[in-house]
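*Asks:* Based on what follows, work out the 3D shape:
(2 chains)
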Amino acid sequence: MAAPCVSCGRALSARLSLTVRASLARRPGHWKPSAVDWQMGAGSQRAIAYLFPSGLFEKRARPIMKHPDQIFPKQRGTPGPEMTGYVVWPRQARCHAIQWGKDGRPFHFLFYTGKPSYYSLMHEGYGKVLQLEKHKGPLPVKTQHSRDLIGSRWLIKEELEEMLVENLSDQDYMQFIRLLEKLSTLQCGPAEEEFVQRFRRGVAIQSKKQLIEPVQYDERGMAFSTSEGRRKSATAKAVVYEHGSGEISVNGMGYLHYFPVLQDREQLMFPFHFLDRLGKHDVTCTVCGGGRSAQAGAIRLAVAKALCSFITEDEVEWMRQAGLLTSDPRVRERKKPGQEGARRKFTWKKR
Amino acid sequence: MAPARTALPRLLCAGVRSARRWPGFLRKATPGPAGPSGRMLTGAPNPARSEPQDDHDLQRKILDLPLKHSDFFNVKELFSVKSLFEARVHLGHKAGCRHRFMEPYIFGSRLDQDIIDLEQTASHLQLALNFTAHVAYRKGIILFVSRNRQFMHLIENTAQNCGEYAHTRYFKGGLLTNAQLLFGPEVRLPDLIIFLHTLNNVFEPHVAVRDAAKMNIPTVGIVDTNCNPCLITYPIPGNDDSPPAVHLYCRLFCTTINRAKEKRRQMEILYQLPSVKRAEDSGTRRSS
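*Replies:* Numbers count the residues shown, from 1 in each chain, chains lettered A, B, ... in the order given. From the prediction side, this is the model:
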C-alpha cells in the first residue's frame, strides 16, 4: 500500500486488537466504526486470521484417539468356553486375558511359575533333547543339518517376547538359545527340525544388495559403464570401457602426470589387480574436491563399482568382501572447544 | 510316632474351605432333562420345589462320605515297606549332614550313612497319600514343587498326567504371598503343595515351604535327612536323591490323584447329580 497507510499501520493494528476483543465480547455499543474499517479487505482478513482463536474448528486441532491396540495390547491366555469375563489391566506392559475357568482352576499346568509359555517351550525342547539322546546318544553328529541353519539367525529377545507375550530376562533368553543350539547339534527328525525352524529368521544376503550399473554403448559401439565414488570431500566419476589397453586418464591428463606419488597409482590399480584384468580396460574419469589421497580413493571406488557390470556375480561378491565396493565412511573429525584439535588437548602445565 | 488321629479331621477340613468359598457352583438350581410327560427319564417324578435342597444334600453326602473312612481310597495297597526298600527310600545322607529335627525319623547309621526308619515312612506316606487323595477328590488345586534339575522334567510330566500343576523353576518372591498383584485380583491359590525336594539348589529350605505356611496352604513333603520337617504339614521321611525313589513317589502321587478323581466322577454318577446327568446327556447327544 502507499506511504500514507504506513503511519496508520500501527493505528490499524491497535484498532484490530480492539476489534477482536469487541467481537468476542459482543458488546456493539463499545465499537465505533472508523475510516480504518473501510480498508479491511479479503487479504487483510487472511492476514489477521492468526489473531483469532484456532482449535475450535481447525481440522488439525481435533482430538485424536489412540488405536485400541495401543491401549489394550496383545493378550496372552486361551480362555475356555466358560470364561467369566474380559479383564485387562492397561498399566502393565503386557496384558493378559483371564487364564482360569469358572471354578478358578488355571488352564495351563505351569500357570503358577509366572511365565507359562516360556517354561512350557523349555519343557518341550528339553523333552525332545532327552528323547533324541535316548535313541541316538548324547554326542553331536556330523551334521548335514547345518545347511539349514546357514542364511538364518536366531530370534532376538524382543521377537521372542512378542511371540510368547511375556517379559523375559536376558538369562532366560540365553538358556533358550542354548537349548535350541543343543537340539540342532543332535541329529533330529522332521518334527524337531520344524520346532527349531520356528525360531529362525532369514537374514538378507548382503551381496544381493549390490547395485550393478547397466552396460551402455557409445556411438562407436564400444561397451562401457559409468559410476561415481566419494572419499572424504572428493567426488569422482569414472567411465570404464570393456575392451582397452589399460590407459587411465584423469581430468584430461594421464594418470602418471596427475598422480606423481606411487601410493595413489597403486590405489587406482588395485581393482584391476584384484581381478587380474590389469591391461584389459580403459578408464576415463573426472575428479574434484578433496586432497591427493582422497581423490585417489574416490576414483578407486568409482572404478570398482563400474567394473561390476563386466564381471561375474561371484567376483562381485569377492570384491565386496575385499572392501572395494564399500565407501570409506571416515571424514575429518571436528575440532572441539577446550582442545587444540579433534583429539589433541592443550599442553598440561603442572603449575 | 504318627501324628494324632484327632488332628486328621481338622486338617482334612482344610480342603473344605474351597467348598465354602464357591457355594454358587455347588448348588444347581435348574432341574434335569425331563421326558414329554414332564417326568425324569429315570422314571421317578421330579419334585420341582425341593430340588435345590436335594442337590445340596447330595453334595454334602458326596463330600462327607469319604471322611467317615480312615482309608477311603485304599492308598495302603499302592506301596509296601519292601517296595520302599527296593526303591532305596531308606538311604539318607552322611551323618554330618543330618538335621537335628530328623533324628526321630532315623533308624540308625551304617558306615556313617543315615538309614531312615521305613516303618515310620510307611505310616507317614499313607497319611500323606490319603490327604492328597481327599484334596483331589474335592477338586483342589495341587502344585508339585521341586528345585532339583535332575527330576524337573519328570515332575512336570507327572503333573501334566494328573491334570495338576507344577513349579520346578526359579521361584519368584511373592508368588504365593503377593499373588493378587502378580496374577490378578481373583486368582485361586493352590490347595495343596507337594514338595518332592524340600531344599533348593543352595541346600536351603525352599521359600515355598515358609510361604505356604504363611498362606495356610497344607503341604506334603519328602524330607531327607538334611531337611527341616518343621513347617511341612505331612512330612514323608525318605530319600529324595536316588532316581528309583523319586520315580516311585511320582508314580504314587499320580496314581492317588487319578484314583481320587475317578472316584469323584463315579460318586457323582452314582448319586445322579442333575449337572452330571445334563453333561452326560449332552455328551451322548454329541457323540451319537
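*Asks:* ranges for the strands of chain B?
*Replies:* B:91-94, B:106-110, B:113-116, B:142-145, B:165-167, B:192-195, B:219-223, B:234-237 (DSSP state E).
*Asks:* which one of the ones you listed lies closest to B:H69?
*Replies:* strand B:234-237 (18.1 Å; C-beta to C-beta). From N, CA and C alone the C-beta is placed, and that goes for glycine too.
*Asks:* Would you give the sheet partners of that closest one, along with the direction of each?
*Replies:* Strands flanking strand B:234-237 in the sheet, each with its direction: strand B:219-223 (parallel) (DSSP bridges).
*Asks:* Which residues does the partner strand contact?
*Replies:* Residues outside strand B:219-223 that contact it (C-beta atoms under 8 Å, 6 or more residues apart in numbering or on different chains) are B:102, B:105, B:128, B:131-132, B:192-198, B:209, B:212-213, B:227, B:229, B:231-238, B:240, B:249.
*Asks:* same thing but 6 Å
*Replies:* Outside of strand B:219-223, the residues within contact range by C-beta atoms under 6 Å, 6 or more residues apart in numbering or on different chains are B:128, B:193-196, B:198, B:212, B:229, B:232-238, B:240.
*Asks:* cool, and stretch B:62-72?
*Replies:* B:M267.
*Asks:* avg pLDDT for it?
*Replies:* Taken as a whole, stretch B:62-72 carries a mean pLDDT of 92.
*Asks:* check contacts around whatever residue of the stretch 151-288 of chain B ends up closest to chain A.
*Replies:* Per C-beta to the nearest C-beta, the residue of the stretch 151-288 of chain B with the smallest distance to chain A is B:R188, at 3.4 Å. Counting by C-beta under 6 Å, 6+ apart, B:R188 makes contact with A:G104.
*Asks:* ok, 8 Å please
*Replies:* The contact partners of B:R188, taken as C-beta under 8 Å, 6+ apart, are A:100, A:104-106, B:141.
*Asks:* State the distance from it to A:Q99.
*Replies:* Between B:R188 and A:Q99 the distance, using C-beta to C-beta, to the nearest Å, works out to 11 Å.
*Asks:* Now for the two: what residues contact both?
*Replies:* Listed as contacting both B:R188 and A:Q99 by C-beta under 8 Å, 6+ apart are A:P106.
*Asks:* So which bits of chain B are right by chain A?
*Replies:* Proximity of chain B to chain A is assessed by C-beta under 8 Å from any C-beta of the partner chain, with B:22, B:25, B:139, B:141, B:143, B:153, B:156-157, B:159-160, B:163-167, B:169, B:172, B:175, B:182-184, B:186-188, B:190 identified as the residues in range.
*Asks:* Now with 7 Å, please.
*Replies:* With C-beta under 7 Å from any C-beta of the partner chain as the criterion, chain B meets chain A at residues B:25, B:141, B:143, B:153, B:156, B:159-160, B:165-167, B:169, B:172, B:175, B:182, B:184, B:188, B:190.
*Asks:* Would you check how far apart the residue lying closest to A:S245 once chain neighbours are set aside and A:Q263 are?
*Replies:* For A:S245, the nearest residue in space outside its immediate sequence neighbours is A:G279; the separation is 6.0 Å by C-beta to C-beta, 6 or more residues apart in numbering or on different chains. As judged by C-beta to C-beta, A:G279 and A:Q263 stand 21 Å apart.
*Asks:* quick one, what contacts the residue nearest to B:P237 when sequence neighbours are not counted?
*Replies:* For B:P237, the nearest residue in space outside its immediate sequence neighbours is B:Y105; the separation is 3.7 Å by C-beta to C-beta, 6+ apart. If you count contacts by C-beta atoms under 7 Å, 6 or more residues apart in numbering or on different chains, B:Y105 has them with B:116-117, B:120, B:237.
*Asks:* now with 8 Å?
*Replies:* B:116-117, B:120-121, B:223, B:229, B:237.
*Asks:* from the residues you listed, which is closest to A:G297?
*Replies:* Minimum distance to A:G297 across the contacts of B:Y105 is 75.8 Å, recorded for B:V223 (C-beta to C-beta).
*Asks:* count of residues packed around that closest one?
*Replies:* Residue neighbour count, defined by other C-beta atoms under 10 Å in any protein chain shown, stands at 25 for B:V223.
*Asks:* Residue 121: how many residues sit nearby?
*Replies:* Using chain A here. Here the neighbour count serves as a burial measure; for A:L121 (other C-beta under 10 Å) it reads 20.
*Asks:* Chain B is the one I meant
*Replies:* Each residue near B:T121 was counted by other C-beta under 10 Å, and the total is 24.
*Asks:* pretty sure it is in contact with B:H90, am I right?
*Replies:* Yes: the pair B:T121 and B:H90 qualifies as a contact (C-beta atoms under 8 Å) at a distance of 7.5 Å.
*Asks:* which neighbours do these two share?
*Replies:* Common neighbours of B:T121 and B:H90 are listed as B:84, B:238 (criterion: C-beta under 8 Å, 6+ apart).
*Asks:* All the strands of chain A, residue numbers only.
*Replies:* Counting by DSSP E, the strands of chain A are A:152-154, A:200-202, A:216-217, A:223-231, A:234-241, A:248-250, A:253-254, A:282-288.
*Asks:* out of those strands, which comes closest to chain B?
*Replies:* Taking C-beta to the nearest C-beta as the criterion, strand A:152-154 is the member of those that comes nearest to chain B, at 21.8 Å.
*Asks:* Which strands and helices lie in contact with that closest one?
*Replies:* Using 3 or more C-beta pairs under 8 Å, 6 or more residues apart in numbering or on different chains; DSSP states H and E as the contact definition, the elements that strand A:152-154 packs against are strand A:200-202.
*Asks:* contact partners of the strand it packs on?
*Replies:* A:149, A:151-155, A:159.
*Asks:* What of stretch A:267-281?
*Replies:* Residues outside stretch A:267-281 that contact it (C-beta under 8 Å, 6+ apart): A:240-246, A:248, A:255, A:259, A:293, A:296-297, A:299-300, A:303-304, A:307, A:310-311, A:315, A:318-319, A:322, A:324.
*Asks:* Dump that stretch to PDB, keeping only the CA atoms.
*Replies:* Only the C-alpha atoms of stretch A:267-281 are listed here, as PDB (Å, rounded to 0.1, in the frame of the first residue of the first chain):
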ATOM      1  CA  GLN A 267      45.100 -47.300  -5.300                       C
ATOM      2  CA  LEU A 268      44.000 -46.800  -9.000                       C
ATOM      3  CA  MET A 269      45.400 -50.200 -10.000                       C
ATOM      4  CA  PHE A 270      44.000 -52.200  -7.100                       C
ATOM      5  CA  PRO A 271      40.600 -53.100  -8.600                       C
ATOM      6  CA  PHE A 272      42.200 -54.300 -11.800                       C
ATOM      7  CA  HIS A 273      45.000 -56.100  -9.900                       C
ATOM      8  CA  PHE A 274      42.400 -57.900  -7.700                       C
ATOM      9  CA  LEU A 275      40.500 -59.200 -10.700                       C
ATOM     10  CA  ASP A 276      43.600 -59.900 -12.800                       C
ATOM     11  CA  ARG A 277      42.500 -57.500 -15.500                       C
ATOM     12  CA  LEU A 278      45.400 -55.100 -15.400                       C
ATOM     13  CA  GLY A 279      45.700 -54.200 -19.100                       C
ATOM     14  CA  LYS A 280      42.300 -55.000 -20.300                       C
ATOM     15  CA  HIS A 281      40.200 -51.900 -19.500                       C
END
